[in-house]
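Engineer: Sequence first, predicted model second:
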Amino acid sequence: MLDRLAANQAICWEVMVEVEVRAAQNVLEACAQTDTMERVVFTSSVTAVVWKDGHKLVDAFDERNWSDLAFCRKFKLWHALAKTLSEKTAWALAMDRGVDMVAINAGLLTGPGLTNAHPYLKGAPDMYEDGVLVTVDADFLADAHMAVYESPTAYGRYLCFNNAVCRPEDAAEFAQMISPSAPHSAPSDELKVIPQRIQNKKLNKLMVEFASAIYGDLD
(Lines give C-alpha, C1' and ligand atoms only; values in the text may rest on other atoms or scores of the structure.)
Protein backbone atom coordinates (compact mmCIF):
# COMPACT_ATOMS: atom_id res chain seq x y z
CA MET A 1 0.00 0.00 0.00
CA LEU A 2 2.72 2.48 0.96
CA ASP A 3 4.77 1.59 -2.11
CA ARG A 4 1.73 2.19 -4.31
CA LEU A 5 1.08 5.54 -2.62
CA ALA A 6 4.69 6.60 -3.11
CA ALA A 7 4.53 5.58 -6.76
CA ASN A 8 1.34 7.57 -7.28
CA GLN A 9 2.88 10.62 -5.64
CA ALA A 10 5.92 10.35 -7.90
CA ILE A 11 3.68 10.16 -10.97
CA CYS A 12 1.76 13.20 -9.74
CA TRP A 13 4.95 15.21 -9.36
CA GLU A 14 6.21 14.09 -12.76
CA VAL A 15 2.96 15.39 -14.26
CA MET A 16 3.40 18.71 -12.45
CA VAL A 17 6.94 18.98 -13.84
CA GLU A 18 5.58 18.46 -17.35
CA VAL A 19 2.88 21.09 -16.75
CA GLU A 20 5.44 23.67 -15.63
CA VAL A 21 7.69 22.99 -18.59
CA ARG A 22 4.74 23.26 -20.98
CA ALA A 23 3.69 26.53 -19.36
CA ALA A 24 7.17 27.99 -19.86
CA GLN A 25 7.10 26.91 -23.48
CA ASN A 26 3.67 28.45 -24.09
CA VAL A 27 4.63 31.77 -22.47
CA LEU A 28 7.84 32.11 -24.47
CA GLU A 29 6.06 31.18 -27.70
CA ALA A 30 3.43 33.85 -27.00
CA CYS A 31 6.08 36.45 -26.21
CA ALA A 32 7.96 35.62 -29.41
CA GLN A 33 4.80 36.32 -31.42
CA THR A 34 4.17 39.69 -29.76
CA ASP A 35 5.88 42.47 -31.70
CA THR A 36 5.63 44.99 -28.86
CA MET A 37 7.36 42.72 -26.32
CA GLU A 38 10.60 44.39 -25.23
CA ARG A 39 11.95 41.94 -22.66
CA VAL A 40 10.84 38.82 -20.83
CA VAL A 41 11.73 38.45 -17.16
CA PHE A 42 11.48 34.74 -16.40
CA THR A 43 11.07 33.87 -12.72
CA SER A 44 13.00 30.73 -11.87
CA SER A 45 14.46 29.45 -8.60
CA VAL A 46 17.69 28.95 -6.71
CA THR A 47 16.78 25.25 -6.77
CA ALA A 48 17.62 25.34 -10.50
CA VAL A 49 21.20 26.19 -9.48
CA VAL A 50 22.37 24.31 -6.39
CA TRP A 51 21.62 20.58 -6.82
CA LYS A 52 24.23 18.35 -8.43
CA ASP A 53 26.63 15.50 -7.69
CA GLY A 54 29.57 16.91 -5.81
CA HIS A 55 27.64 20.03 -4.81
CA LYS A 56 29.43 19.97 -1.47
CA LEU A 57 32.71 20.50 -3.31
CA VAL A 58 31.62 23.69 -5.10
CA ASP A 59 33.36 26.70 -3.56
CA ALA A 60 30.55 29.12 -4.35
CA PHE A 61 27.41 28.91 -6.47
CA ASP A 62 26.51 31.70 -8.85
CA GLU A 63 24.49 32.24 -12.02
CA ARG A 64 26.73 29.94 -14.04
CA ASN A 65 25.66 26.85 -12.10
CA TRP A 66 22.77 24.57 -13.07
CA SER A 67 21.12 21.81 -11.07
CA ASP A 68 21.71 18.36 -12.54
CA LEU A 69 18.52 16.80 -13.89
CA ALA A 70 19.56 13.21 -13.19
CA PHE A 71 20.50 14.13 -9.61
CA CYS A 72 17.11 15.81 -9.09
CA ARG A 73 15.26 12.76 -10.41
CA LYS A 74 17.34 10.35 -8.33
CA PHE A 75 16.58 12.17 -5.07
CA LYS A 76 13.03 13.19 -6.04
CA LEU A 77 13.79 16.90 -5.89
CA TRP A 78 10.71 17.69 -7.94
CA HIS A 79 10.71 21.46 -7.39
CA ALA A 80 14.32 21.68 -8.54
CA LEU A 81 13.61 19.42 -11.50
CA ALA A 82 10.61 21.48 -12.60
CA LYS A 83 12.42 24.80 -12.25
CA THR A 84 15.55 23.58 -14.02
CA LEU A 85 13.69 22.00 -16.93
CA SER A 86 11.30 24.93 -17.38
CA GLU A 87 14.11 27.49 -17.28
CA LYS A 88 16.24 25.51 -19.74
CA THR A 89 13.19 25.27 -22.02
CA ALA A 90 12.61 29.01 -21.75
CA TRP A 91 16.24 29.82 -22.56
CA ALA A 92 16.26 27.48 -25.56
CA LEU A 93 13.12 29.06 -26.97
CA ALA A 94 14.27 32.60 -26.23
CA MET A 95 17.52 32.05 -28.13
CA ASP A 96 15.75 30.29 -30.99
CA ARG A 97 13.06 33.00 -31.36
CA GLY A 98 15.32 35.97 -30.69
CA VAL A 99 13.53 36.97 -27.47
CA ASP A 100 15.38 39.27 -25.06
CA MET A 101 15.05 37.26 -21.86
CA VAL A 102 16.50 37.67 -18.37
CA ALA A 103 15.99 35.13 -15.58
CA ILE A 104 15.52 35.75 -11.86
CA ASN A 105 16.57 32.71 -9.83
CA ALA A 106 14.82 33.48 -6.57
CA GLY A 107 15.38 32.12 -3.11
CA LEU A 108 12.46 30.84 -1.07
CA LEU A 109 9.80 33.56 -1.01
CA THR A 110 8.88 34.27 2.59
CA GLY A 111 5.54 35.61 3.75
CA PRO A 112 2.12 34.59 5.04
CA GLY A 113 1.16 31.01 4.31
CA LEU A 114 4.68 29.63 4.07
CA THR A 115 4.95 26.20 5.69
CA ASN A 116 7.42 23.35 5.81
CA ALA A 117 5.31 21.59 3.15
CA HIS A 118 6.58 23.96 0.45
CA PRO A 119 8.26 21.85 -2.26
CA TYR A 120 11.26 24.22 -2.34
CA LEU A 121 12.15 22.88 1.12
CA LYS A 122 12.73 19.28 0.00
CA GLY A 123 16.34 18.79 1.02
CA ALA A 124 16.41 21.95 3.16
CA PRO A 125 18.71 20.42 5.82
CA ASP A 126 21.27 19.68 3.10
CA MET A 127 20.87 23.19 1.70
CA TYR A 128 21.54 24.59 5.15
CA GLU A 129 24.60 22.39 5.68
CA ASP A 130 25.89 23.39 2.23
CA GLY A 131 25.45 27.12 2.93
CA VAL A 132 22.92 27.63 0.12
CA LEU A 133 19.63 27.95 2.02
CA VAL A 134 18.50 31.45 1.05
CA THR A 135 15.23 33.40 1.20
CA VAL A 136 13.81 36.53 -0.34
CA ASP A 137 10.98 38.82 0.70
CA ALA A 138 8.35 40.07 -1.73
CA ASP A 139 9.53 43.69 -1.81
CA PHE A 140 13.11 42.77 -2.69
CA LEU A 141 11.93 40.29 -5.32
CA ALA A 142 9.70 42.94 -6.91
CA ASP A 143 12.54 45.48 -6.93
CA ALA A 144 14.82 42.92 -8.57
CA HIS A 145 12.28 42.25 -11.32
CA MET A 146 11.94 45.97 -11.97
CA ALA A 147 15.71 46.44 -12.13
CA VAL A 148 16.39 43.62 -14.59
CA TYR A 149 13.46 44.67 -16.77
CA GLU A 150 14.35 48.35 -16.93
CA SER A 151 18.17 48.15 -17.02
CA PRO A 152 19.49 48.04 -20.60
CA THR A 153 22.64 46.28 -19.39
CA ALA A 154 20.78 43.37 -17.74
CA TYR A 155 21.54 39.97 -19.24
CA GLY A 156 21.44 36.27 -18.44
CA ARG A 157 20.54 34.91 -15.01
CA TYR A 158 20.45 36.65 -11.63
CA LEU A 159 20.44 34.92 -8.26
CA CYS A 160 17.95 36.80 -6.09
CA PHE A 161 17.87 36.63 -2.29
CA ASN A 162 18.30 38.99 0.64
CA ASN A 163 18.79 36.53 3.47
CA ALA A 164 21.09 33.53 3.90
CA VAL A 165 20.33 31.02 6.66
CA CYS A 166 23.84 30.24 7.89
CA ARG A 167 23.87 30.74 11.68
CA PRO A 168 22.22 28.50 14.30
CA GLU A 169 19.99 31.38 15.42
CA ASP A 170 18.99 31.97 11.78
CA ALA A 171 18.09 28.29 11.46
CA ALA A 172 16.01 28.38 14.65
CA GLU A 173 14.16 31.50 13.47
CA PHE A 174 13.60 29.94 10.05
CA ALA A 175 12.26 26.72 11.58
CA GLN A 176 9.86 28.73 13.74
CA MET A 177 8.67 30.68 10.70
CA ILE A 178 7.79 27.60 8.62
CA SER A 179 6.44 25.61 11.60
CA PRO A 180 4.94 28.21 13.97
CA SER A 181 3.00 25.59 15.95
CA ALA A 182 6.10 23.52 16.72
CA PRO A 183 7.72 23.88 20.15
CA HIS A 184 10.28 26.66 20.12
CA SER A 185 13.79 25.74 21.22
CA ALA A 186 16.96 27.81 21.46
CA PRO A 187 19.80 26.85 19.11
CA SER A 188 22.39 24.52 20.60
CA ASP A 189 25.79 25.96 21.46
CA GLU A 190 27.30 22.98 19.64
CA LEU A 191 25.92 24.12 16.28
CA LYS A 192 28.39 25.99 14.11
CA VAL A 193 28.11 28.87 11.70
CA ILE A 194 27.87 27.55 8.13
CA PRO A 195 29.98 29.36 5.53
CA GLN A 196 27.72 30.92 2.89
CA ARG A 197 28.45 29.29 -0.47
CA ILE A 198 26.15 31.22 -2.75
CA GLN A 199 26.44 34.79 -3.92
CA ASN A 200 24.29 37.33 -5.74
CA LYS A 201 26.86 40.03 -6.47
CA LYS A 202 25.68 40.31 -10.06
CA LEU A 203 22.15 41.31 -9.02
CA ASN A 204 23.28 43.61 -6.22
CA LYS A 205 25.57 45.49 -8.62
CA LEU A 206 22.77 45.90 -11.15
CA MET A 207 20.30 47.12 -8.53
CA VAL A 208 22.77 49.71 -7.23
CA GLU A 209 23.35 50.96 -10.78
CA PHE A 210 19.60 51.02 -11.44
CA ALA A 211 18.89 52.97 -8.26
CA SER A 212 21.69 55.42 -9.07
CA ALA A 213 20.23 56.01 -12.52
CA ILE A 214 16.80 56.77 -11.03
CA TYR A 215 18.17 59.15 -8.42
CA GLY A 216 20.21 60.86 -11.10
CA ASP A 217 17.08 61.44 -13.15
CA LEU A 218 15.35 62.90 -10.10
CA ASP A 219 18.23 65.33 -9.56
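Structural biologist: Structure received.
Engineer: can you map out the strands along the chain?
Structural biologist: Ranges of strands within the chain are 40-45, 101-106, 108-109, 134-136, 156-160, 163-164, based on DSSP state E.
Engineer: Pipe those into a markdown table and attach mean pLDDT per row.
Structural biologist: Formatted as a markdown table, those follow (pLDDT from 0 to 100):
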| stretch | mean pLDDT |
| --- | --- |
| strand 40-45 | 98 |
| strand 101-106 | 98 |
| strand 108-109 | 98 |
| strand 134-136 | 98 |
| strand 156-160 | 98 |
| strand 163-164 | 96 |
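Engineer: Output those strands in JSON lines; the columns should cover distance to D68.
Structural biologist: For glycine as for every other residue, the C-beta is placed from the backbone atoms N, C-alpha and C. Output for the strands of the chain, formatted as JSON lines (distance: least, C-beta to C-beta, whole Å):
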{"stretch": "strand 40-45", "distance to D68": "15"}
{"stretch": "strand 101-106", "distance to D68": "15"}
{"stretch": "strand 108-109", "distance to D68": "20"}
{"stretch": "strand 134-136", "distance to D68": "19"}
{"stretch": "strand 156-160", "distance to D68": "16"}
{"stretch": "strand 163-164", "distance to D68": "22"}
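Engineer: Take those and lay them out in JSON lines including mean neighbour count and distance to R22.
Structural biologist: Shown next, in JSON lines, are the strands of the chain (neighbours: other C-beta atoms under 10 Å; distance: least, C-beta to C-beta, whole Å):
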{"stretch": "strand 40-45", "mean neighbour count": "20", "distance to R22": "15"}
{"stretch": "strand 101-106", "mean neighbour count": "23", "distance to R22": "18"}
{"stretch": "strand 108-109", "mean neighbour count": "20", "distance to R22": "23"}
{"stretch": "strand 134-136", "mean neighbour count": "23", "distance to R22": "26"}
{"stretch": "strand 156-160", "mean neighbour count": "24", "distance to R22": "21"}
{"stretch": "strand 163-164", "mean neighbour count": "18", "distance to R22": "32"}
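Engineer: This completes my enquiry, with thanks.
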